[in-house]
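K.L.:
Could you look at this predicted model? Sequence included:
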Amino acid sequence: MLSILIGVNDLWHTLNGNYDGTVEKYEKDYRALLERTLKALPKVKLVICEPFVLRCGAVNDKWFPEFDRYRAAAERVSRSFHATFLPFQTMFGEAIKYAPPSHWAADGVHPTSAGASLMAFNWLRTAAGKK
């Protein structure tokens, strides 16, 4: 089993001027990565994790709607490769009903221990097929 969570830094570093990525490049490179992976490991089970951010810390309105395009690209890639898709953004969207965004990811990107625990719990449920 291989679990992949990529995409946040593509946009973050584009916004701060340190990268010239686009959603199209992200999706193309993601597909190429999975094609190489499946060629080397044809029986691997893929878990594609939806990139996520929380509106706090480094994350503000300038991230949107572009960030949602990265999320959609990850889901398209997941479907194309018949991978298990783990909707982390949706999960955190529910979690902020119970605690503020900074509780889950103080800078809006990197999960706190509470955020990481929630991610692990949901990853285990999803990977086991119990959604």
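P.N.:
Received it, and whenever you're ready, just let me know what you need. Please read all numbers here as calculations on a predicted model, not as lab measurements.

K.L.:
buried sites along the helix or strand harbouring Phe92?
P.N.:
Per DSSP states H and E, Phe92 falls inside helix 88-95. By 16 or more other CB atoms under 10 Å, the buried positions in helix 88-95 come out as 88-89, 91-92, 95. For the C-beta atoms, the positions are set from N, CA and C on the backbone; glycine is no exception.

K.L.:
of all the residues you listed, which comes closest to Ser117?
P.N.:
Ala95 (10.7 Å; CB to CB).

K.L.:
Ala58 versus that closest one, what's the distance?
P.N.:
Distance check for Ala95 against Ala58: by CB to CB, to the nearest Å, it reads 19 Å.

K.L.:
what does Glu66 give?
P.N.:
15 Å.

K.L.:
Against which helices or strands is the next helix-or-strand element following the helix holding Phe92 packed?
P.N.:
Where DSSP H and E defines the elements, the next helix or strand beyond helix 88-95 is helix 101-104. With contacts defined as 3 or more CB pairs under 8 Å, 6 or more residues apart in numbering; DSSP states H and E, helix 101-104 has these neighbours: helix 88-95, helix 113-127.

K.L.:
residues making contact with helix 101-104?
P.N.:
Identification of contacts with helix 101-104 by CB atoms under 8 Å, 6 or more residues apart in numbering yields 54-57, 92, 95-96, 108, 111-112, 114-115, 118.

K.L.:
All good on my end, thank you.
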